[in-house]
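# Here is the input, now give the coordinates:
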Amino acid sequence: MNLKSLQPEPVVDKVFVPEETGITHVSQSDRHGSPLELAAIYWAGNTGIPTIIFGAILFTFQLNLWQLLLAAAIGIVGSYIIVGYLSHAGVRGGSPMMTLSRAVFGYQGNKLPTCVSWINQLFWETLLTITAAYAILGLFTQAGLPYNLVTQLGAILMFMILVGAASYLGHATLVWIQILCTILFTLLTIWLVALLVPQINWAKISNAPADWVSFIAAVTVITVLTGASWFNAAGDYSRYLPQDKAPRGIVIRWTVLGAFTPVFGLTVVGFLISSRLPNLAVSNDPISLIGGILPGWFGTIYLLITAGSLIAGMALTLYSSGLNLLALGVRIKRKISVTIDAVIIFIAAGLIIATGGSFAGILLSCAQLLAVGLIPWAAVFLLTGPRSFDANSLLDKTSTSQYYYWHGINAWALTAFLTGSIVALLFTSTQYVSGPFAQGIFATSNLGLLLGVVISIVLTLSFRAFGLLKRPEYTPTERTQNGPTRLP
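Here you go, the predicted model:
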């Protein structure tokens, strides 16, 4: 018996077939898969050298090993639980994350958080491209090619072509790639880690505990670098899951498990090897720095692992970035939106590699600034988002939409989001931008971000208590021969 023939074949989401769904609602008949796919997506998407750099950044807070383990566990688990809740919104709504966000902020009001989301995706795409380009340049050097602007741009272009094809083909192809990368690059990464562990200077990580301010800062940083960076894309990868096979608890469980395992492990490895490479967090080329302490015979394998493991994460972010453009109301096909993003990333990555700069410094500063918008948005969405979404209203920008509010803007939700984001920005200090109130404890603890989120939560709950901000109520309907029928 052919078991595959018993499963209904999806109509709009097939492996190696371009996805044309865009931001439109995915009906139950076109849904397939299981929450286990989310584990593969987040596992493969987080397996790579950038996650090792997270540990190097935490090393700069002068934590001891036990503090590092606790800070990483709190930040990773806590942030990915939120990703799990947002993923379940994708299951319920059958639409991408920033399209679902229209139900809370209105068609026009949602453009601001969607812009923040799109910039976030562009940042991570550029960062992953730079990392892969350094690895490819290492391979070019081994092949005897010169290290100049032409080879730099060639390395970027080569990587962009690989991930662009996968992102263009869409969700089903991405899931297939994630599963393949989860198996292949996890095994290779374990091999890499086994070679790095003997390089650890255990004496340097057995220092006295850091103060509580440094510990809180470390928890905030790992939260920003890990789960928070996925908030705005969580629904993109879960919208094809059937509702009856993806209850909330299971979605959260597989999301957390799939992300925690590689992120926690590689973050710890990055922290440990920083005892041997104390400049890892300030290097402009961490790929070469790590490669320098590996056996010579492993050099080519290491560079292939580095570049290949980033394909999964890059394809995911490029895919979501294109959906963000569509959610902004840009009237183009999804494949064109992916192309636009690819061109921007090519230019940005080329400029950064050509001019140099601290890899980890760019990573942390930009991630902190973007979290100022992403985390308050997630708080307002989770506290106000509907239990069921009206698919037609999500795409309707006229007054007939249930989410029209006032001229397409939910002013109260937008106020809660903006106020929290502005306060967080005013109290946050980064390498490139520092708020005027980022003084004293706020200059080193990242408490400004926490303060901003708390204000967004308090305002949202206050607006709800006074009846100013309500959770949109909608009863799903299905169309029959006699017209729409309310579902129980």
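# Scan the chain for its longest helix.
Of all the elements of type helix in the chain, the one with the most residues (DSSP state H) is helix 111-142.
# And whatever helix or strand comes next after it, what does it pack against?
Sequence-wise, the next helix or strand downstream of helix 111-142 (DSSP states H and E) is helix 149-169. Applying 3 or more C-beta pairs under 8 Å, 6 or more residues apart in numbering; DSSP states H and E, one finds that helix 149-169 contacts helix 111-142, helix 171-196, helix 299-327, helix 334-355. Just so you know, the C-beta spots here come from the backbone N, C-alpha and C atoms, and that holds for glycine as well.
# Now mean neighbour count and distance to residue 153 too, for the ones you listed, in CSV please.
Listed next are these as CSV, based on neighbours: other C-beta atoms under 10 Å; distance: least, C-beta to C-beta, whole Å:
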stretch, mean neighbour count, distance to residue 153
helix 111-142, 23, 9
helix 171-196, 18, 25
helix 299-327, 25, 16
helix 334-355, 18, 5
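# Ok, which of the ones you listed comes nearest residue 160?
For the helices and strands packed on helix 149-169, the distance to residue 160 is smallest for helix 334-355, at 5.4 Å, taking C-beta to C-beta.
# ok so, going back, I'd like to know which of the helices and strands packed on helix 149-169 lies nearest to residue 240.
With C-beta to C-beta as the measure, helix 171-196 is the member of those nearest residue 240 (5.8 Å).
# Now do the same for that closest one: mean pLDDT, whole number.
Averaged over helix 171-196, pLDDT sits at 70.
# Would you list the phi and psi of residue 431?
Dihedral pair for residue 431: phi -70, psi -30, per degrees, to the nearest 10.
# ok so, going back, the helices and strands packed on helix 149-169: lowest mean pLDDT?
When those are ranked by mean pLDDT, helix 171-196 comes last with a mean of 70.
# Next up, the contacts around the spatially most central residue of the chain.
Residue closest to the average C-alpha location in the chain (C-alpha atoms, centre = their mean): residue 230, at 2.7 Å. Taking C-beta atoms under 8 Å, 6 or more residues apart in numbering as the criterion, residue 230 is in contact with 42, 80, 83, 259.
# From residue 87, how far off is it?
Counting by C-beta to C-beta, to the nearest Å, the gap from residue 230 to residue 87 is 9 Å.
# Residue 462 too?
Computed as C-beta to C-beta, the residue 462 to residue 87 distance reads 28 Å.
# The longest helix of the chain versus helix 334-355: what angle between them?
60 degrees (axes from the mean of the first three to the mean of the last three C-alpha atoms, to 10 degrees).
# Check which helices and strands helix 111-142 sits against.
Helices and strands touching helix 111-142, by 3+ C-beta pairs under 8 Å, 6+ apart, are helix 49-59, helix 97-100, helix 149-169, helix 286-291, helix 299-327, helix 334-355, helix 359-384, helix 411-426.
# to the chain's geometric centre, what's the distance from the last one?
What it means is helix 411-426. Here the centre of helix 411-426 is set off from its chain's centre by 21 Å, with C-alpha atoms, centre = their mean, to the nearest Å.
# Make 47 the first number, not 1, from now on.
With the count now opening at 47, the last piece we talked about shows up as helix 457-472.
# Could you give the number of residues near residue 270?
Neighbourhood size, residue 270 [other C-beta atoms under 10 Å]: 24.
# Need the nearest residue in space to it, chain neighbours excluded.
residue 417 (4.3 Å; C-beta to C-beta, 6 or more residues apart in numbering).
# and that neighbour, how many residues sit next to it?
By the criterion of other C-beta under 10 Å, residue 417 has 29 neighbours.
# my guess is it contacts residue 272, does it?
No: applying C-beta atoms under 8 Å as the test, residue 417 and residue 272 come out as separate, 10.8 Å apart.
# which stretches of the stretch 47-196 of the chain aren't confidently modelled?
In the predicted model of the stretch 47-196 of the chain, residues 47-68 satisfy pLDDT under 70.
# which of the contacts of residue 276 has the most neighbours?
Going by other C-beta under 10 Å, residue 88 tops those with 34 neighbours.
# so who does that one touch?
Contacts of residue 88 by C-beta under 8 Å, 6+ apart are 126, 129, 276, 301, 304, 305.
# Please give the element, helix or strand, for the fifth one.
Of the helices and strands defined by DSSP H and E, residue 304 is found in helix 294-319.
# again, but for the second one
Remark: residue 129 resides in helix 111-139, with elements defined by DSSP H and E.
# what's that helix packed up against?
Applying 3+ C-beta pairs under 8 Å, 6+ apart, one finds that helix 111-139 contacts helix 82-91, helix 95-105, helix 143-146, helix 258-271, helix 280-284, helix 294-319, helix 405-430.
# Could you export those helices to JSON lines, including columns for distance to residue 201?
Conversion of the helices and strands packed on helix 111-139 to JSON lines gives the following (distance: least, C-beta to C-beta, whole Å):
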{"stretch": "helix 82-91", "distance to residue 201": "21"}
{"stretch": "helix 95-105", "distance to residue 201": "15"}
{"stretch": "helix 143-146", "distance to residue 201": "31"}
{"stretch": "helix 258-271", "distance to residue 201": "25"}
{"stretch": "helix 280-284", "distance to residue 201": "28"}
{"stretch": "helix 294-319", "distance to residue 201": "23"}
{"stretch": "helix 405-430", "distance to residue 201": "15"}
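# Which one of these lies nearest to residue 182?
Taking those one by one with C-beta to C-beta, helix 95-105 is closest: 12.8 Å.
# how far is the closest one from where the chain is centred?
16 Å.
# Look at the residue nearest to residue 74 when sequence neighbours are not counted and say how many residues are nearby.
Excluding the flanking residues, the one nearest residue 74 by C-beta to C-beta, 6+ apart is residue 288, at 6.5 Å. By other C-beta under 10 Å, 15 other residues sit near residue 288.
# Just the pLDDT at residue 288, thanks.
On pLDDT, residue 288 comes in at 90.
# I'd say it and residue 78 touch.
Yes: at 7.0 Å, residue 288 counts as touching residue 78 under the criterion of C-beta under 8 Å.
# so what's the closest residue to residue 116 other than its chain neighbours up against?
In space, residue 116 comes closest to residue 261 once its chain neighbours are excluded; the distance is 8.0 Å by C-beta to C-beta, 6+ apart. Counting by C-beta under 8 Å, 6+ apart, residue 261 touches 107, 109, 113, 116, 117.
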